[in-house]
Structure formats: structure tokens, C-alpha cells
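Asks: pasted the sequence and its predicted model underneath.
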Amino acid sequence: MSDAPEIMEISDPRQRALAISAKIDDYQVAIADLSRLRRETLEELVAGGMTQTQIAELLKMSKGRVSQLMSAGLRPERAFFGNGKLTFAIGAKSESNRTDPSHMLSAEAFTAYERLGAAARAAGLDATNEVVPAPGNVHLNRPNLIVLTNPRLLPFLSQVMEADPHIRYVVDDKGWHLVDLTTGTEYRSPRDHGEPADYGYVGRLPRPDGKGTFLYLAGTHAPGTLGAATYVANNLAELYRELKTRRFSTVVKCQFEPGNQLNIISTERVTPLYRHEGA
């Protein structure tokens with residue numbers, strides 16, 4: 001049903017213009033999502049054995065139109081990130097003699113944002129970032145959110161991670177490390193022993209308000225956050241095919257160039273892609 005009659009009842013032209021713009025934005029998001037879903041569904045039909053000719057007959061359109069729909073539009077994997085403008089919340093360190101929290105970001109965390117932001121833009125989404133200063137009170141109850149950095153900087157995330165039945169960040173007298181609760185395996189950072197490697201967490205966790213989820217990427221140290229981001233950026237299409245937008249978690253190991261933590265040489269998953277029950 002058209003919203004035009006209701007909007008035209010707004011007497012103030014300024015308010016009417018704002019309402020029209022907001023409604024057009026809503027429709028554009030809905031159209032983009034439906035276009036993505038249509039392309040994804042057509043690809044699923046082809047993967048299931050249907051030819052484009054058969055699909056054209058089913059949808060009562062030309063084969064050329066089917067081919068056009070399958071090659072045009074936004075990449076389906078964009079939905080792995082979200083369905084609108086993305087916000088990257090990045091935890092910042094507290095340092096003496098500095099008042100601007102933007103100066104407290106690690107170079108690795110900001111590079112992680114840039115790497116993921118570039119992947120998101122290539123898939124058709126815009127992205128921006130915000131710095132979360134100490135003590136790390138990040139607002140999680142909002143859509144299209146991606147959070148970067150360890151619970152050491154964002155303490156509340158260690159509580160939110162309790163919703164993950166498989167992987168957890170814990171701290172003991174030897175420091176922070178990841179634990180695979182399913183197998184009992186501990187993943188302690190090789191960087192702690194001078195090796196050019198680190199571990200990172202990648203997961204989709206529930207918002208505290210229960211009205212959605214957010215992506216969380218966190219290295220045991222700063223290189224692990226960048227390694228986790230590099231893994232997601234390099235495997236976005238595969239991750240979307242496997243998981244869509246369901247809740248999940250995994251641990252990634254990254255190798256970086258000795259003496260240059262910003263140069264990630266390789267990344268690999270060391271745990272399965274754990275799907276969370278009921279998600």
C-alpha cells in the first residue's frame with residue numbers, strides 16, 4: 001500500500017519533504033534487500049540443477065532477463081555485514097598525557113577497519129567508524145554494527161561472549177587467551193613467546209536487547225584483530241554461503257611479517273565454523 005496519501009496530509013512542506021526522503025530511503029533499502037535475495041535464490045536454483053531457460057519459464061520472463069538478474073545488482077554476500085550503513089566500533093587504549101581517544105587506537109585495529117570497510121564498500125555498503133574510549137562502554141543495541149578489539153579494552157564483551165556456547169576469551173595469570181569449550185583446546189598467542197603470530201576470534205553474537213546480532217572480531221593482541229579482519233575480507237563470499245546471517249564463531253590464526261605487525265602473511269581457521277544452536 002502506498003504511503004503517498006498519508007504523507008500528502010502533512011501540511012508543512014519542510015516536514016513533508018523530510019518524510020518523503022525518509023520513506024524513499026526505506027524503500028531503497030527494501031528493494032536492495034529483495035534484489036539481493038532474488039539473485040541469491042536464482043543462484044540456488046541453478047546450483048540445484050535448473051537451467052536459466054527453466055527459470056525463465058517459471059518466472060514468465062526471458063532467459064536474457066534471468067541472466068541479467070543473476071549478474072546485476074549488489075553482491076549477495078554484503079548481507080554478511082548488514083543491510084545498511086555499517087558502524088565499526090573500535091576499542092581504544094587509555095594512555096597518559098593524551099585526551100583525544102582517536103590517538104589511542106592501535107594501527108592494527110584501524111587497519112582492520114579499513115580492510116573490512118573496503119570489503120563492505122566493494123559489496124555495496126557504506127561504512128564509518130567510531131572510537132570507544134576507556135573504559136570501553138560500547139553501545140551494542142543497534143543494527144549493522146561490527147565491533148573490533150579484545151575484551152581487555154571492551155570489558156563488557158567478555159560478558160556478551162558468554163552467549164557463545166563454543167568459544168570464549170578468558171584471562172589467567174599468564175594472560176588473555178581463547179578457549180574452545182567444545183574440545184577444551186586453549187589457544188595462547190605465539191606472540192607472547194616472540195613468534196610472529198597471533199589468534200583472533202570471529203563471531204556473530206546476540207545484542208543484549210535480543211533484537212538482533214552484531215559481528216565481533218577480536219585478537220588476543222592487536223595483530224590478531226587485523227588477522228581476523230583479513231580472514232573475513234578474504235573469505236567473505238564463502239562465509240556468507242556457509243552461514244548467511246546466522247550466529248556463529250570460529251578462531252583464526254594469523255602469521256605476520258617479523259618486525260611488521262601490519263603485514264599479515266597468512267590466515268587460517270583452527271576451529272570449525274561453529275553454528276550456535278537456535279540461531
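Replies: Received, thanks.

Asks: so where's the chain shaky on pLDDT?
Replies: Of all residues in the chain, those with pLDDT under 70 make up the ranges 1-2, 71-74, 95-103, 278-279.

Asks: and if we set it to 90?
Replies: 1-57, 59, 61-79, 83-84, 93-105, 122-125, 134-135, 237, 241, 277-279 (pLDDT under 90).

Asks: domain ranges for it, per the record?
Replies: As assigned by automatic domain parsing, the chain contains the domains 4-73, 79-275.

Asks: export the ones you listed to JSON lines and tack on mean neighbour count?
Replies: Bear in mind the C-beta positions are built from the backbone N, C-alpha and C, glycine included. As requested, the domains of the chain are arranged in JSON lines below (neighbours: other C-beta atoms under 10 Å):
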{"stretch": "domain 4-73", "mean neighbour count": "13"}
{"stretch": "domain 79-275", "mean neighbour count": "18"}
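
Asks: just the CA coordinates for stretch 166-185, please, in CSV.
Replies: Output of stretch 166-185 as CSV, limited to C-alpha atoms (Å, rounded to 0.1, in the frame of the first residue of the first chain):
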residue,chain,number,x,y,z
HIS,A,166,31.7,-22.9,21.8
ILE,A,167,34.5,-20.2,22.2
ARG,A,168,35.4,-17.9,25.0
TYR,A,169,38.1,-15.3,25.8
VAL,A,170,39.4,-16.0,29.3
VAL,A,171,42.3,-14.5,31.4
ASP,A,172,44.5,-16.1,33.9
ASP,A,173,47.9,-15.5,35.5
LYS,A,174,49.5,-16.0,32.0
GLY,A,175,47.3,-13.5,30.3
TRP,A,176,44.3,-13.5,27.9
HIS,A,177,43.7,-16.4,25.6
LEU,A,178,41.0,-18.2,23.7
VAL,A,179,39.4,-21.5,24.7
ASP,A,180,37.4,-23.9,22.5
LEU,A,181,34.8,-25.1,25.0
THR,A,182,33.8,-27.9,22.8
THR,A,183,37.2,-29.5,22.6
GLY,A,184,38.9,-28.0,25.6
THR,A,185,41.7,-26.6,23.5
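
Asks: who touches that stretch?
Replies: Residues outside stretch 166-185 that contact it (C-beta atoms under 8 Å, 6 or more residues apart in numbering) are 150-152, 157-158, 161-162, 165, 186-189, 192, 199, 201, 203, 218, 220, 249-251, 271, 274, 276.

Asks: in the stretch 101-250 of the chain, mark out all the strands, start to finish.
Replies: Using DSSP state E, counting those that start in this stretch, the strands found in the stretch 101-250 of the chain span residues 127-132, 145-148, 167-172, 175-180, 185-187, 197-206, 213-219, 248-257.

Asks: how far away from the center of its chain is the fourth one?
Replies: Per C-alpha atoms, centre = their mean, to the nearest Å, the displacement of strand 175-180 from the mean C-alpha position of its chain is 22 Å.
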